[in-house]
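# Quick one: sequence plus predicted model below, questions after.
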Amino acid sequence: MGFSTVDRVKTAFFRRHSDGGGPILLDRRRIYLLPTAAGLLYAVMLLTMLLAAINYNLALGHLLVFLLLALGLNTMLHSFRNLHRLRLTPGRCAPAFAGESVHFPLWIEADDDEPRLALEVSSAGQLLLRLEQCPTGGDWLMLPIGSQVRGWLPLPRLKLGSRYPLGLFIAWSNLQPEMRALIYPAPRHTPLPPPRENTGEQGSGDDGLDDFAGFRDRQPADSPRHVAWRASSRQVDERPLLVKQFAGGSHPEYLFDWNDCLPADDETRLSQLCGWVLAADAAGNRYGLRLPNRIIDCDRGSEHRQRCLEALALYPAGSA
Amino acid sequence: MKKGRATDTVLEHAALPWLQAAVLACLLPHALHLPLWLSLGVASTLAWSLNLALRQGSLPPRWLLLLAVLAACGGIVLEYRSLFGREPGVAMLVAMATLKLLELRSRRDALLLLILACFLLLTHFFHSQNLPTALWLLFAVWLIVAAMLRLQTSALPPRAMLHTAARLGMQAMPLTLVLFLLFPRISGPLWGLPHDAQRARSGLSEHVAPGSIADLALSGDIAFRVRFAAGVPARNFLYWRGPVLEHFDGSAWTPARPGGGKPRLETTAPAIAYETTLEPSRQRWLLALDAPTSWPATARLDAGLSLVAREPLHERQRLSFSSSLDYRYNRDPNPGELQRNLRLPPGSNPRSQALGRQWRDEIADPQARVERALKLFTQAPFAYTLQPPLLGPQAIDEFLFEQQRGFCEHYAAAFALLMRAAGVPARVVTGYQGGELNAVDGYLVIRQSDAHAWSEVWLAGQGWRRVDPTAAVAPERIELGLVAALPAGEPLPLLAAMRAGWLLELRDRWDALNNAWNQRVLGFNAERQREWLAGLGLNPGDWRRWALFLGAGTSGLLALLALWLLQQRPRRDPWRKEWDKALRILARREVNCAPGEAPLQLLARVESRIPNLAPDFARVVNTYLRARYGPAAGEVERQVALRELRAAVAQLDKGRWF
């Protein structure tokens, strides 16, 4: 992204450095205030009215112009006060898959009892969220940010602005809380590679009918043999087929190897691995990962899944 | 997520009624001045837009709006013969603002409309700047601000919206006042006033024919107000002199051509000073008391002893005069003038002329001829009426010998004609006679219904002398005023017809209020401003000092307002707030919570001191203690408990009366 000169000047003029991970209190040094286009129009209108009042010698015309002018100046203060002493505290951001939108949580709270109205959070000129009123007890702002690529997604620079009360002025503050979200690769659903043949797998590849644990939606990686055809036929609409799920015992164990992937670029391989991890995890199977820089032993559970996805997200970094 | 700039959002449907209310409030007074077809069009467009808002219907297509705009333009051109100028301009703005209601797509459109509405408010002042207009416009500003607020936020309920708008306005008041007082006033038009700035007003006419003043007499409008430095002179001296009519064409009296030299005035009584506030008459007559001895520099005394302004009066003006009530005027004969005032069109009103000539031949002394004519009016069955019969071409003959019913101008005209025929130079003077003292503020109020016509005759050795034939017919007119002079059953000006004491007093109070408004608010012009500042000891010599005053005043007030708005108001615990309220209620019954006194101890004291309040207070204490010190509860439970506490405190508040 090439910044234009204007952008560079803006960067130099308005604060662009990070605000760290702590709470941000909006004080007078952080709040900017400018008339909006409507505000400028209002000013031009007042000037025209003043000229008319002078020309026709209308005492009440003067009074009206001054009332509107004073009102405009008063709303300038109110615009400022609407943001003043708001406190924003970054929260923890849940990971997401590339292509999904991440919701960055930001706790917003006012330091006093004054109502804060019509708050708009935007980033790069795009409105993310509008909060009609900040509740006195505070509230979570869940800022939706689109993710494109895997890895760490930092929260982009935010602008918290408001045109309250009359839309003649816009008050805003630039926020750069230090928040980032981990973005996993976008999963790519392909059939699972053959399970690993080791002691963990007792019977044949077939599922014994030992501990039936219910149904779940079929994923592309599931073998057609696992589909519960009868159960699926009871569903009318176009839901995915159901797959029988079994608990305990005899599950296949997989070691997803970088080299087993389709011969393609790294990102495609990571996506495929991610899809496998999800499929195996959903089936409750044990699985492991072999990346060029790192091996994760077979295991299961949400913690394990998270470790694997993290390794995929941060590849090639994070070898340990 | 919707793409696009954060600012340009679609207008909510729920905001429409606010816009409509604001626009309606802004346009309503215009209905008094706009052509009927436009008012009806505006009303139906508003109704249409209201209907759309209620049904959540879609806006009409663009071509239809374009058609409506063209129709409005066409109508306005037909009505005013132009699209430009003040009146057609206002009509155009009104039409556009209304049609814009049918074309509101985004919030920005709506904001634009409201800003335009502010300008439309100003255009009301072309017609009226009185107190009711000001109050109505304040109301309209309130609605406009509320609508602007509604555009920005939907979080507030309507009452809170109006309340916030009112608060914004109230906070702006001090600054408004400072700007009003300190902003340098520039007097006079910046550019030429459009020709339509001057509309015809009812008022004195320079063309007096039978019936022309009687029309005026039905109007209760105020012509001018006068404040005398010392007391008000007796009523029969209150002749406010307007144009002098010397030319008679057989039916109407009109002024002589200007010129004719300076009047020579000898005063025999001390001058009295007074200040007149003239309502705009679109005329140049300044209506000083007979006879003026000093006047403002912008005026000129003409040969007929009338004060004439340089420019027609388009605005209310405050002028200082002094007059002497006893005077001799043009004692030395001026042949041209006397010649002029003896001229009669031959053949007009032959019977009256014959009667005058008869007096000339029979009575040697001109003074006696005057008295003879007055005697005619007192003796014959002449009647004073506001509804004189219609008269034919020989109007004065008909009046004198047949109908014998007329208003002041009939008598003045007939008298002047008789005198001219009798060889006494005579003419008609119009103006106002009398006035009514407002006991509330001490101003003498002269209304259009006080319009009057009288005569003047020139007598050797005395000069021009005022003769009021109306006084001969209906002395009450001069002594008491029009209402007393008219027989019962005559139509009267609405205000003059009020005889009930309390109504009159109400009217006087209202009048005094209006007068104060006119003097202090509307009359605050460049000159007054300078006087006022000088009175404060601030002398704005040049623009730099002006800028200093204005800048210091404005920024000082803004800083104060900012301090007040931004002062730290720490968050108050809602429980504590309710508890404090309960303690205040108790304090009114003289039970004060001692410092460090626990709620239960206080309850025990309340039980002994105010037993009938104890059950209610017990409920407050229990709810408060349970919420504060009870087991931790979830957010929902806490809200429920808070509501309970509020209810308990409200109950306590009600209970304190019993």
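Alright, I've got the coordinates. Because the structure is a prediction, the values reported are computed rather than measured.
# Over to residue B:11: give its phi and psi.
phi -70, psi 130 (degrees, to the nearest 10).
# OK, contacts around it?
Taking Cβ atoms under 8 Å, 6 or more residues apart in numbering or on different chains, we find residue B:11 in contact with B:104, B:105, B:106, B:107, B:109, B:110, B:151. C-beta: built from backbone N, CA, C; applies to glycine.
# Which pair in the residues you listed has the greatest spatial separation?
Greatest spatial distance among these (Cβ to Cβ): B:105 and B:151, at 13.0 Å.
# More neighbours: which of these two?
residue B:151 (26 against 11; other Cβ atoms under 10 Å in any protein chain shown).
# Settle this for me: the more buried one is touching residue B:108, isn't it.
No - checked against Cβ atoms under 8 Å, the pair residue B:151 and residue B:108 is beyond contact range at 9.2 Å.
# need the contact list for the one residue in the stretch 401-550 of chain B that gets nearest to chain A.
In the stretch 401-550 of chain B, the residue that lies nearest chain A is residue B:522 (4.3 Å; Cβ to the nearest Cβ). With contacts defined as Cβ under 8 Å, 6+ apart, residue B:522 is in contact with A:59, A:60, B:129, B:316.
# how does it look with 10 Å?
Counting by Cβ atoms under 10 Å, 6 or more residues apart in numbering or on different chains, residue B:522 makes contact with A:57-60, A:63, B:125, B:129-131, B:134, B:277, B:315-316, B:514.
# Mind giving me the ChimeraX select for those, buried ones only?
In ChimeraX syntax, the buried subset of these is picked out as below (16 or more other Cβ atoms under 10 Å in any protein chain shown):
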select /A:57,58,59,60,63 /B:125,129,131,134,277,315,316,514
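# which of the contacts of residue B:522 lies closest to residue A:278?
Distances from residue A:278 to the contacts of residue B:522, taken by Cβ to Cβ, are shortest for residue A:63, at 70.6 Å.
# Please tell me I have it right and the closest one contacts residue B:185.
No - with contact defined as Cβ atoms under 10 Å, residue A:63 and residue B:185 do not form a contacting pair (11.9 Å).
# shared neighbours of those two, which are they?
Common neighbours of residue A:63 and residue B:185 (Cβ under 10 Å, 6+ apart) are A:53, B:524.
# rewinding a little: any idea how far residue B:313 is from the residue of the stretch 401-550 of chain B closest to chain A?
Using Cβ to Cβ, to the nearest Å, one obtains 14 Å as the distance from residue B:522 to residue B:313.
# Any idea how many residues pack against the residue nearest to residue A:23 when sequence neighbours are not counted?
Nearest residue to residue A:23, sequence neighbours excluded (Cβ to Cβ, 6 or more residues apart in numbering or on different chains): residue A:89, at 4.2 Å. By the criterion of other Cβ under 10 Å, residue A:89 has 17 neighbours.
# and what of residue B:174?
Other residues close to residue B:174 by other Cβ under 10 Å number 15.
# hey, what's the residue nearest to residue A:23 bridged with?
residue A:107 (DSSP bridges).
# middle-most residue in chain A, spatially?
Nearest to the geometric centre of chain A sits residue A:102, at 2.0 Å (Cα atoms, centre = their mean).
# Give the residue spans of the stretch 151-300 of chain B that score low on pLDDT.
The stretch 151-300 of chain B contains residues with pLDDT under 70 at B:188-203, B:210-211, B:214-215, B:259-260.
# change it to 90
B:152-157, B:181-224, B:229-237, B:242-271, B:277-300 (pLDDT under 90).
# Which residue ranges of it form strands?
Using DSSP state E, counting those that start in this stretch, the strands found in the stretch 151-300 of chain B span residues B:222-228, B:239-248, B:253-255, B:265-267, B:272-278, B:288-289, B:292-294, B:299-301.
# Give me the sheet partners of the fourth one and which way each runs.
Put plainly, it is strand B:265-267. Using DSSP bridges, the strands paired with strand B:265-267 in its sheet are strand B:327-329 (antiparallel).
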